[in-house]
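K.L.:
need a 3D model of the sequence below.
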Amino acid sequence: MSAYDILLIVLFIILLAVAVGLFLPIGRSRTQPGSDVDHEFTGPGSRSDSRNWIAGLIYYNPDDPDLLVPKRLGYGWTINFGHPRGKLFLIVLIALILLPIVLMIFVPGLASYGCHPSGCHLLP
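P.N.:
Numbering: from 1, shown residues only. Below is the predicted model:
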C-alpha cells in the first residue's frame with residue numbers, strides 16, 4: 001500500500017468522523033409536525049435579521065442555540081457558523097482543504113503520485 005493510498009484512507013476517515021460527529025446526534029427532522037427545529041428563533045437577533053447573514057448566504061449568530069437552521073432562501077438547511085460546533089466544522093473543512101497541500105510540500109516523494117504516466121512531477 002502506497003503513501004498516497006494511506007493518505008486517502010486517513011482523509012476519508014477524518015471526513016466521515018466529522019460528518020457523523022456534527023450531523024448524526026441532532027436526531028431532529030423537519031418533516032415531523034411540532035418538531036423543536038420548526039420553532040422560530042426570536043432571541044436577540046432573530047434568524048430573519050439581515051445582520052446575522054453574511055452576503056445573504058452564511059448564517060452567523062452566536063446567540064442562536066441551533067447548529068442547523070433553515071436556509072434563508074429556498075429549501076434546506078445551513079450551518080450556524082456562530083455556534084461552537086459550526087466553528088469546528090469550518091476549521092475542519094479548511095484543514096481538510098489545506099492538508100493535501102501541506103503534505104505534498106513536507107512529505108518527500110508524495111508529490112510524484114497522481115501525475116500522468118509521462119512522468120511529470122509537481123516538485124523538483
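K.L.:
got the buried residues for the longest helix along the chain?
P.N.:
The residue-count maximum for a helix in the chain (DSSP state H) belongs to helix 84-106. Applying a neighbour-count criterion of 16 or more other Cβ atoms under 10 Å, one finds 85-86, 89, 92, 103-104 buried in helix 84-106. Every C-beta, even on glycine, is put in place using the N, C-alpha and C of the backbone.
K.L.:
for Arg47, state which of these is nearest.
P.N.:
Of all those, Gly86 has the smallest distance to Arg47: 13.9 Å, by Cβ to Cβ.
K.L.:
for the closest one, give me its contacts.
P.N.:
The contact partners of Gly86, taken as Cβ atoms under 8 Å, 6 or more residues apart in numbering, are 67, 79-80.
K.L.:
now, which of the residues you listed sits nearest Leu11?
P.N.:
Nearest to Leu11 out of the contacts of Gly86 is Ile79 (Cβ to Cβ; 20.6 Å).
K.L.:
for the closest one, what are its contacts?
P.N.:
59, 67-69, 86, 89-90.
K.L.:
assign a three-state SS to it, would you?
P.N.:
strand (DSSP: H, G, I helix; E, B strand; the rest coil).
K.L.:
ok so, going back, now the buried residues of helix 84-106 in JSON lines, with pLDDT?
P.N.:
Formatted as JSON lines, the buried residues of helix 84-106 follow (pLDDT from 0 to 100):
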{"residue": "Arg85", "pLDDT": "90"}
{"residue": "Gly86", "pLDDT": "88"}
{"residue": "Phe89", "pLDDT": "88"}
{"residue": "Val92", "pLDDT": "90"}
{"residue": "Leu103", "pLDDT": "82"}
{"residue": "Met104", "pLDDT": "78"}
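K.L.:
nearest to Leu7 among these?
P.N.:
Of all those, Leu103 has the smallest distance to Leu7: 6.5 Å, by Cβ to Cβ.
K.L.:
quick check: Ile14 vs Leu67, distance?
P.N.:
19 Å (Cβ to Cβ, to the nearest Å).
K.L.:
more neighbours: the two, which one.
P.N.:
Under the neighbour definition other Cβ atoms under 10 Å, Ile14 and Leu67 were set side by side, and Leu67 has more, 20 against 14.
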